[in-house]
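Student: take this sequence and fold it.
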Amino acid sequence: MPIVVILLGVLLSSAGVAAKWHRVSKEEIKLSGPIGQDSLRDYESVADSGYTRITVESAGGVEYPALMIARDIQRRGAKVFIDGLCASTCANFLALAVRAPSVSCRSLLAWHGSGLLTDMQSSDDDWIEAEMPETFVSEVKAWKVNARSEAVAFLKHTGIDSSIVDESVRVVLSAGIKPQSEKTVYSLDPATGFISSTTTRKGLPLWVPTTKALNRYGVDTSGFCPEYDQRIKGNMERLGVDGVVSDGE
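Tutor: Sure thing, here's the model as predicted:
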């Protein structure tokens, strides 16, 4: 399959929106929205009484809470059903909590790297600021090493090749798309003289792999919509997703 690039100029943003966990039935719980710092706690409050199926629709969010949730899904042996967009952190962890997720015809799985699983997007030290104490920097670095080990072990346990995440970056970059751009708009309040600025940052566009590509990395797509590949382009346009579609070859 040839590489197809779809750029709609739409940002996937979690600003000001919280993930919503709720119980659908005795056996099913559902996540709708981006994954934030409190998502693990919210998940635990809903999941506490048990479940056998989890439905997910999320554009991504904070990685480590997503990893912790995915590990618990894995531990429970629950079925994972994707119904809508599952991108970034959602794809990296929640969708891959099982080797054979179920995916509806209105859904889209998309990747664009991971701070825990790939070094291809940015330097491991790009978060360090001059005023940070050395002891704090060392503490954060040690945490990152441990978190990365947990993420790799999680995918290994599922039977998924973790290089799928690196591949998502390689495919997009090979299509000639810049990893990141940002635009800052300044404004002046004439009444107070207060100057403010708003910076909009656009991250790396998403890689939307076909079922052929997913199979190659160990994902069992037998539970996908039979027309998943044929619907990718239409779903991207409907969901407002920037991305590159390919077999990953």
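Student: what ranges of this protein fall below the confidence cut-off?
Tutor: 1-19, 119-130, 177-184, 192-193, 197-204, 248-249 (pLDDT under 70).
Student: mind listing the strands for it?
Tutor: All strands of the chain, identified by DSSP state E, fall at 4-6, 20-23, 28-32, 53-58, 79-87, 102-103, 108-110, 181-189, 194-202, 206-209, 243-246.
Student: residue 68 versus residue 103, what's the distance?
Tutor: The spacing between residue 103 and residue 68, counted by CB to CB, to the nearest Å, is 23 Å. C-betas here are computed from N, CA, C, even on glycine.
Student: likewise for residue 84?
Tutor: Distance check for residue 84 against residue 68: by CB to CB, it reads 22 Å.
Student: pull out the buried positions in the longest helix that the chain contains.
Tutor: The helix that spans the most residues within the chain, counting by DSSP state H, is helix 134-158. Within helix 134-158, the residues that qualify as buried are 147-148, 151, 154-155, 158, counting by 16 or more other CB atoms under 10 Å.
Student: now those in TSV, please, with extra columns for distance to residue 221.
Tutor: Listed next are the buried residues of helix 134-158 as TSV, based on distance: CB to CB, whole Å:
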residue	distance to residue 221
147	28
148	27
151	22
154	20
155	16
158	14
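Student: farthest pair within these?
Tutor: 147 and 158 (17.1 Å; CB to CB).
Student: thinking again about what came up before, turn the strands of the chain into JSON lines, columns for mean neighbour count.
Tutor: Formatted as JSON lines, the strands of the chain follow (neighbours: other CB atoms under 10 Å):
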{"stretch": "strand 4-6", "mean neighbour count": "15"}
{"stretch": "strand 20-23", "mean neighbour count": "15"}
{"stretch": "strand 28-32", "mean neighbour count": "19"}
{"stretch": "strand 53-58", "mean neighbour count": "22"}
{"stretch": "strand 79-87", "mean neighbour count": "22"}
{"stretch": "strand 102-103", "mean neighbour count": "21"}
{"stretch": "strand 108-110", "mean neighbour count": "26"}
{"stretch": "strand 181-189", "mean neighbour count": "9"}
{"stretch": "strand 194-202", "mean neighbour count": "10"}
{"stretch": "strand 206-209", "mean neighbour count": "28"}
{"stretch": "strand 243-246", "mean neighbour count": "25"}
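Student: got JSON lines for these, with distance to residue 96 too?
Tutor: Shown next, in JSON lines, are the strands of the chain (distance: least, CB to CB, whole Å):
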{"stretch": "strand 4-6", "distance to residue 96": "23"}
{"stretch": "strand 20-23", "distance to residue 96": "19"}
{"stretch": "strand 28-32", "distance to residue 96": "15"}
{"stretch": "strand 53-58", "distance to residue 96": "11"}
{"stretch": "strand 79-87", "distance to residue 96": "9"}
{"stretch": "strand 102-103", "distance to residue 96": "12"}
{"stretch": "strand 108-110", "distance to residue 96": "9"}
{"stretch": "strand 181-189", "distance to residue 96": "29"}
{"stretch": "strand 194-202", "distance to residue 96": "25"}
{"stretch": "strand 206-209", "distance to residue 96": "12"}
{"stretch": "strand 243-246", "distance to residue 96": "18"}
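Student: which among those strands is found nearest to residue 64?
Tutor: strand 53-58 (15.0 Å).
Student: contact partners of that closest one?
Tutor: Contacts to strand 53-58, defined as CB atoms under 8 Å, 6 or more residues apart in numbering, come from residues 19, 24, 27-35, 73, 78-87, 89-90, 94-95.
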